[in-house]
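**Q** Got a predicted structure here, sequence first:
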Amino acid sequence: MKKNIIIKSLLRGAVTLLLAGCMFTMTACGNGKSKEVEAYENSLLSFKESIDDIGAKIDAIDANNSDASNELLYYVDYINKNFQALLSLQVPSGYESITRLNEKAADYMASASTYFHTAYEAEVFDEEAYNTANTYYLKAFEMVNYTGQVLQGVDITFASDEN
């Protein structure tokens, strides 16, 4: 039962984080942007819509269903694929820090996916792996949020390459 409660906790967190972390696409788009920036913002909007869709599907998982963990992991993997796709987007000139943010976001989400699998596929639910996964998951969305800030003109610097 604890496994199911944690699934629902993650589901609610996913949607809340997504709405907070990706709202930038609605405010970042505006007049005076280059075609290159507008194209990038449109790609991020598609990313956001895909993540929104996945979040709705995650919310619809019945935590009491015996296959709930497998469903969740399927969607976590799909989220991970979306984050990896960020790496193939053409970052607009003048926004080079976004490349590093996308790399970090993709790395964090890949780690989150790995640890979620470890947690949910263990014979006995691995709460430590779940907590580690959740930390990486939150960091991945934090990097996406920073991308929005960069597009709004905020200068992002990296103090170190520590995870």
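**A** In hand now; what should we look at? The shown structure was predicted, so the numbers you read here are calculated from the model rather than taken from an experiment. Residues are numbered from 1 along each chain as shown.
**Q** What mean pLDDT does stretch 148-155 get?
**A** Averaged across stretch 148-155, the pLDDT comes to 82.
**Q** hmm, I was thinking of stretch 72-81
**A** Stretch 72-81 carries an average pLDDT of 95.
**Q** Show me what counts as buried in it.
**A** Across stretch 72-81, burial judged by 16 or more other Cβ atoms under 10 Å covers Leu72, Leu73, Tyr75, Val76, Tyr78, Ile79, Asn80. In short, each C-beta sits where N, CA and C put it, glycine included.
**Q** Asn70 - how many residues pack around it?
**A** Neighbours of Asn70 under the rule other Cβ atoms under 10 Å: 13.
**Q** Please name every helix or strand in contact with the helix or strand hosting it.
**A** Asn70 is part of helix 68-85, with elements assigned from DSSP states H and E. Applying 3 or more Cβ pairs under 8 Å, 6 or more residues apart in numbering; DSSP states H and E, one finds that helix 68-85 contacts helix 2-22, helix 35-59, helix 97-121.
**Q** nearest to Met143, of the ones you listed?
**A** Closest approach to Met143 among these (Cβ to Cβ): helix 97-121, 3.6 Å.
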